[in-house]
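Chemist: no letters, just coordinates:
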């Protein structure tokens, strides 16, 4: 069955709605979710208020509203964490991509004994959509869904960029450079990075072209070692191709 390539997808256009004034309350609520998602422990109302830069009463009203929708949970000590409602929302993000990728992520992770994940482009950052850790993978690096890093660092960003022509990239991200590594990845079929996001950590990624959407990236992450990166790259590229077939 034929499909529309990401290369054929129109570049986003500015609209009247996108230029309209933002809702400050909604913006603050979303920012609270981002703050809690990045936290490694529960946060009190005072913690959230300080991180948001608002009075405690404002933070409390936002947290209570989010709690009513199960987007945050409050523990017995009164600290707040991300709630199960967020998982339900996350399942709806790129649902087809997640479903198509999960079996291949599982096989790839078990084969290489590395964490395998799908990353998508979110403005200036790469965001992990879904990840699979290898069975019995003691010492394996963890890549949590929702984790993010700069798009300009790491193999996933290089892989995503490599699936776009340079003129397409200029329209999507004016002023953001098209990396030399992306040109190489377009030729080899996979991208490599070493020490770009975390010192001592390497990543290998390959573009996944999603019908009607911007490309995503399939990647693995591991401690830098003597493992031949070309072998890993070829394996990741094959898995990316399998996911693309599953999406058709």
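Modeler: Structure received. Quick caveat, the model's predicted, so the values are computed rather than measured.
Chemist: where does this structure dip in pLDDT?
Modeler: Low-confidence segments of the chain, defined by pLDDT under 70, span residues 1-21, 87-95, 137-140, 224-228.
Chemist: mind listing the helices for it?
Modeler: Remark: helices assigned in the chain by DSSP state H are 24-38, 45-52, 56-68, 84-91, 95-112, 155-162, 166-172, 180-188, 229-247.
Chemist: of those helices, which is nearest residue 146?
Modeler: helix 24-38 (5.5 Å; CB to CB). Where you see a C-beta, it was placed from the backbone N, CA and C, and this is true even at glycine.
Chemist: returning to what we had before: just name the most buried of the helices of the chain.
Modeler: helix 155-162 (a mean of 30; mean count of other CB atoms under 10 Å).
Chemist: reformat the helices of the chain into CSV and put distance to residue 217 next to each item.
Modeler: What follows is those, written out as CSV (distance: least, CB to CB, whole Å):
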stretch, distance to residue 217
helix 24-38, 21
helix 45-52, 30
helix 56-68, 30
helix 84-91, 18
helix 95-112, 11
helix 155-162, 4
helix 166-172, 14
helix 180-188, 10
helix 229-247, 8
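Chemist: of those helices, which is nearest residue 75?
Modeler: It's helix 56-68; of the helices of the chain, that one is closest to residue 75 (CB to CB) at 11.5 Å.
Chemist: and of the helices of the chain, who's closest to residue 203?
Modeler: helix 155-162 (4.0 Å).
Chemist: domains of this protein: list them as residue ranges, please.
Modeler: Using automatic domain parsing, the domain parsing of the chain gives 22-85, 92-247.
Chemist: my guess is residue 133 contacts residue 109, does it?
Modeler: Yes: using CB atoms under 8 Å, residue 133 is in contact with residue 109, at 6.4 Å.
Chemist: brilliant, that's me finished.
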